[in-house]
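>>> everything below, folded, please.
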Amino acid sequence: MPETTSPPVLPDIDLDDFRGALRRDVSGTVAFDPGTRALYTADASNYRHVPLGVVLPHTVDDVAAAVAACNAYGVPLTPRGGGTSIAGNSIGQGLVIDTSRHLTAIEEVDPRRRTARVQPGVILDDLRAAAAPHGLTFGPDPSTHSRCTIGGMIGNNSCGSHSVAWGTTADNVESLDVLLHDGTRMTVGATGRDELERLAARPTREGRIYASLRDLVNTYMGDLRTGMPQLSRRVSGYSLDRLLPENGGHLARALTGTEGTCVTVLGATVRLVESPPARILVVLGYPDAPAAADAVPELLKHSPLTIEGLNEQLVSRVRRPGGGRTELPSGGAWLMVEVSGADAAEATERGRA
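Sure thing, here's the model as predicted:
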């Protein structure tokens, strides 16, 4: 297909030079044709943006080369995982870097430490399958688990129904290999006070970053401790309170959820959790949704894996006449509570409780 000219939203880009730089330095696919651009115009949301071009990197060095070209030519950058975001997170008017095609290696599963090292394009279900023989799993499990990527989950701090038991993606990230727009590569994770001071003293770009983060925390420590909502599923915005000393000074977890606006993720070491041998689903009926919500604090004392709500308005729209279905308990709202056990008998007993 013929290649197009620069879209009017980026009028100052020297498109020919930019394209040439990418094709010279990137071994993977570099595409500016209308068909490829059209494919990357949308994600799972209702938003649309036609990108300037698309790169499918074969290696992390390809990612670095694409980021360097964007930095040199002033082109906006959108890292893209599985394209399953529902808020327009993985589309943009500049260059889209899609890691889901080739950067899909599960480099290590360590059952003793309960960690896995992955490239950003690894599909969640592939990681879960690799961990399953060891009785382990990756806790966050959004409904798009068969196609979302770990890099994308890190981008938007994905949750899933089992966040009740295992938290968000940020809670399960141990370290990140990241790339800054100027080409600086860093491996970031938990950073104790002594380690922070040592890193901040370095006369390098990395040292200046750690010094700035230290100064930010020291200046706004009171606000970070009292002004951030204490919600178990707080996934929006920048989690700067993850940088507090009592939270381990965890830069990797602070970067999780920043949607590629601060760094480009090249790799991740994530925490794995024990997958319960047996699970039971209990469905509880309540008069209405407020009554169901009021019951949640008491249910949490039973350490459930998940609690999901459903109300009569939704059920009435999908209910069809005929047999072959299990009726819900009486009520106008329901809670579906999953509990676990070492075996089916223990799980059943916990369900009855």
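>>> only C-alpha atoms from now on, for both contacts and neighbour counts.
OK.
>>> what's the longest helix in this structure?
Counting residues, the longest helix found in the chain (DSSP state H) is helix 205-226.
>>> contact partners of that helix?
Where contact means Cα atoms under 8 Å, 6 or more residues apart in numbering, the residues beyond helix 205-226 that reach it are 184, 186, 196, 197, 199, 200, 201, 202, 240, 241, 243, 244.
>>> then stretch 287-298?
Outside of stretch 287-298, the residues within contact range by Cα under 8 Å, 6+ apart are 285, 286, 309, 311, 331, 332, 333, 334, 335.
>>> give me the buried subset of those residues.
For the contacts of stretch 287-298, a burial check counting by 16 or more other Cα atoms under 10 Å picks out 285, 286, 311, 332, 333, 334, 335.
>>> tally of neighbours for residue 227?
Other residues lying near residue 227 total 10 when counted by other Cα atoms under 10 Å.
>>> same question, the one 10 residues further on
Other residues near residue 237 number 11, with proximity taken as other Cα under 10 Å.
>>> does residue 149 really touch residue 82, like I thought?
Yes: in terms of Cα atoms under 8 Å, residue 149 counts as a neighbour of residue 82; the distance is 5.5 Å.
>>> neighbour count winner among these two?
Regarding residue 149 and residue 82, a neighbour count based on other Cα under 10 Å identifies residue 149 as having more, with 28 against 24.
>>> tell me the contacts of residue 255?
Taking Cα under 8 Å, 6+ apart as the criterion, residue 255 is in contact with 238, 239, 262, 263.
>>> now residue 270
So residue 270 contacts 115, 116, 117, 118, 172, 173, 174, 175 (Cα under 8 Å, 6+ apart).
>>> common neighbours of residue 149 and residue 82, please.
Counting by Cα under 8 Å, 6+ apart, the residues touching both residue 149 and residue 82 are 100, 121, 123.
>>> show only the entries of the residues you listed found in helices.
Taking DSSP H, every one of those sits outside helices.
>>> save these as a markdown table, and put in neighbour count too.
Below are these laid out as a markdown table (neighbours: other Cα atoms under 10 Å):
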| residue | neighbour count |
| --- | --- |
| 100 | 24 |
| 121 | 25 |
| 123 | 26 |
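>>> export those to a markdown table and tack on pLDDT and distance to residue 67?
Written out in a markdown table, the entries for those read as follows (pLDDT from 0 to 100; distance: Cα to Cα, whole Å):
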| residue | pLDDT | distance to residue 67 |
| --- | --- | --- |
| 100 | 96 | 17 |
| 121 | 97 | 17 |
| 123 | 97 | 23 |
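>>> looking at these, which is nearest residue 19?
Relative to residue 19, the closest of the shared contacts of residue 149 and residue 82 is residue 100; by Cα to Cα it sits at 21.6 Å.
>>> could you check how far residue 156 is from residue 41?
19 Å (Cα to Cα, to the nearest Å).
>>> so which of these two has more stuff around it?
Applying other Cα under 10 Å to residue 156 and residue 41 shows that residue 156 carries more neighbours, namely 23 against 19.
>>> residue nearest the centroid of this protein?
Central residue check for the chain by Cα atoms, centre = their mean: the C-alpha nearest the mean position is that of residue 153, 1.6 Å away.
>>> helix/strand/coil for that residue?
Taking DSSP: H, G, I helix; E, B strand; the rest coil as the rule, one finds residue 153 in the helix state.
>>> dump the residue contacts of it.
Neighbour list for residue 153: residue 169 [criterion: Cα under 8 Å, 6+ apart].
>>> circling back: neighbour count and secondary structure for the contacts of residue 255 - can I get that in a markdown table?
Converted to a markdown table, the contacts of residue 255 look like this (neighbours: other Cα atoms under 10 Å; DSSP: H, G, I helix; E, B strand; the rest coil):
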| residue | neighbour count | secondary structure |
| --- | --- | --- |
| 238 | 16 | coil |
| 239 | 19 | coil |
| 262 | 13 | coil |
| 263 | 20 | coil |
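>>> show residues contacting the least confident helix or strand in the chain by mean pLDDT.
The weakest-scoring helix or strand in the chain, judged by mean pLDDT, DSSP states H and E, is helix 312-318 (a mean of 81). Contacting residues not belonging to helix 312-318 are listed as 332, 333 [Cα under 8 Å, 6+ apart].
>>> I'd say residue 118 and residue 126 touch.
No: counting by Cα under 8 Å, residue 118 does not reach residue 126; the two are 10.6 Å apart.
>>> who has more neighbours out of these two?
The neighbour count for residue 118 versus residue 126, taken as other Cα under 10 Å, is higher for residue 118 (24 against 17).
>>> for that one, what are phi and psi?
For residue 118, the backbone dihedrals (degrees, to the nearest 10) come out as phi -140, psi 160.
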